[in-house]
Each structure stands twice: as structure tokens, then as C-alpha cells.
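J.: Structure for this input, please:
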Amino acid sequence: MRLRGRTLIEKSSSFLIILSAPSGGGKSTILNEILKKADNIDYSVSYTTRAPRGTEQNGVHYHFIDEADFETRIAQGDFLEHAKVFGHSWYGTSISYIQSRLKLGHHVIMDIDVQGTAQISATAVPYVKIFIIPPSMEVLKERLIKRGTDSAEAIQRRLDTAEKELDSIPDYDYLVINDDLDQAADYVMAIIKAEENRVCRYHSPRQEFLQQEKKT
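T.: Reported below is the predicted structural model:
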């Protein structure tokens, strides 16, 4: 890469950006804000066996497939991670798509639960893990109610699950409190920019820095 005629020190700056949050925590909304702000970040469209909700479109929000197709993909090793959520719907991430985007030097952003994140953590794929929470459980409950897609029983089940998911916060690299959407999105962008410049992203910074003097 070059900047104003000068060769930059080479680095591998592409990685997975994993956003996790309790259901209703705002990870999907923040993800959409990030995609508006950056042109080098691609969204990983997950596969799921659940039915579309509201205005969700196949291939845009999720790849909606049946359970037999999902199980076939598991057998073929097509998923980087996969999990059954709330005991009845499968979700999974295509490993071939992830690899293709990273090879192009793009980041890939994805919103997955703590089960999927734990699976990715055990792989060699570079990543940064960000956990998102609202200011309180009360706020989370209000958001779930306002969403209007779940029964009272389903909402309570999601709140119970959220409390368990909070135990996984120490396994993440960063925590963002989603009180104000714009501010939360800015925090996530700042994390991404900082991660791009971690020393581990550079191949041989000292050697390549000294070589620049020889080239000029």
C-alpha cells in the first residue's frame, strides 16, 4: 500500500468483528450503523431455521433454510460456528464467505450469541469480540416489550437468558453500554480503528520501517 508516494509498513488488518448482546440489546441496530459508517466492513448474513419476522428478507437479514438443509451444511463443515437458540432454531455462519472477505482485506461484522462466539474463539480466525448491553435489565425489558414480537412468556425467557449471558462478559475484549445509539456506534467504530493498529497486525514493523530509509 502507498500513501502520498511512500510505502507503508505491511500489515494484516482484516478480522472478524463479533457483536454479542442479550436479545433486545441493540446489536443489530448498532451493526447497521457501523455498515453506514465504513466501506471496508462487510456483513456476514447468517443462516437460520427460524421463520422470517416482520419485513425480514431472505439473503438480506438471514438465509432462511429448513432444518434438513442446515444439518447437511453442518455435516459438510460449512459453518464457522453454529448453535441452536432458545432450544428450537438453528443459527450458523458460513466459513467460506468469511474467508473470501478477509482475503480481500475486508473486515466482516457479525451479530451472534455467546455460544457462537465461544466456537469462533477456538478457531484461528482473527477476531475482536464486543459485548453490548443496555444500561439496565429494566431498559432491556422495555425494549423487548416495545419490539412487540414476543409474548409475555417469551420476553421473560429472553430476560432469563440475558442474565445467564452476562456471565460471558469477561470472555470478551470490549464492553459497550448502549444507552445512546449514536454514541454506542461511535464506541464500536473507535474499537475497530484501534484494533486495526494493534502491533500484532503488522508483519515485521521494525525491519520494514528501517527498509523505508534504504528505498528513499
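J.: Quick one: end-to-end length of stretch 46-54, please.
T.: Start and end residues of stretch 46-54 are separated by 17 Å (C-alpha to C-alpha, to the nearest Å).
J.: can you tell me which helix or strand T123 belongs to?
T.: Counting by DSSP states H and E, no helix or strand carries T123.
J.: wait, doesn't it sit right on T93?
T.: No. Counting by C-beta atoms under 8 Å, T123 stays clear of T93, with 10.8 Å between them. From N, CA and C alone the C-beta is placed, and that goes for glycine too.
J.: between these two, what contacts are shared?
T.: Any residue near both T123 and T93 by C-beta atoms under 8 Å, 6 or more residues apart in numbering counts here, and that gives L80.
J.: more neighbours, these two?
T.: Between T123 and T93, counted using other C-beta atoms under 10 Å, T93 has the larger neighbour count: 24 against 13.
J.: Contact partners for the more buried one?
T.: By C-beta under 8 Å, 6+ apart, the contact set of T93 is S44, S46, Y47, F79, L80, E81, H82, M110, I112, G116, I120.
J.: packing partners for the helix or strand encompassing L80?
T.: Using DSSP H and E, L80 maps to strand 79-85. Counting contacts by 3 or more C-beta pairs under 8 Å, 6 or more residues apart in numbering; DSSP states H and E, strand 79-85 packs against helix 67-75, strand 89-94, helix 95-103, helix 114-121.
J.: These: which one's closest to F15?
T.: With C-beta to C-beta, the closest approach to F15 among these belongs to helix 95-103: 7.4 Å.
J.: which other residues reach that closest one?
T.: Residues outside helix 95-103 that contact it (C-beta under 8 Å, 6+ apart): 14-16, 42, 44-45, 77-80, 107-108, 125-126.
J.: related to what we said a few turns ago, kindly compare burial across the helices and strands packed on strand 79-85 and name the winner.
T.: Ranked by mean neighbour count, the helices and strands packed on strand 79-85 are led by strand 89-94 with a mean of 20 (mean count of other C-beta atoms under 10 Å).
J.: Report the distance from that strand to the chain centre.
T.: Computed by C-alpha atoms, centre = their mean, to the nearest Å, the chain-centroid distance of strand 89-94 equals 13 Å.
J.: and what of stretch 46-60?
T.: With C-alpha atoms, centre = their mean, you get 17 Å for stretch 46-60.
J.: buried ones in it?
T.: For stretch 46-60, a neighbour-count test (16 or more other C-beta atoms under 10 Å) marks S46, Y47, T48, T49 as buried.
J.: Sort out for me which of the residues you listed are in strands.
T.: Secondary structure from DSSP state E places Y47, T48 of the buried residues of stretch 46-60 in strands.
J.: List just the nearest of the buried residues of stretch 46-60 to Y172.
T.: Out of those, the member with the shortest distance to Y172 (by C-beta to C-beta) is S46, at 18.9 Å.
J.: now the longest helix belonging to the chain: mean pLDDT?
T.: Counting by DSSP state H, the longest helix found in the chain is helix 181-196. Helix 181-196 carries an average pLDDT of 95.
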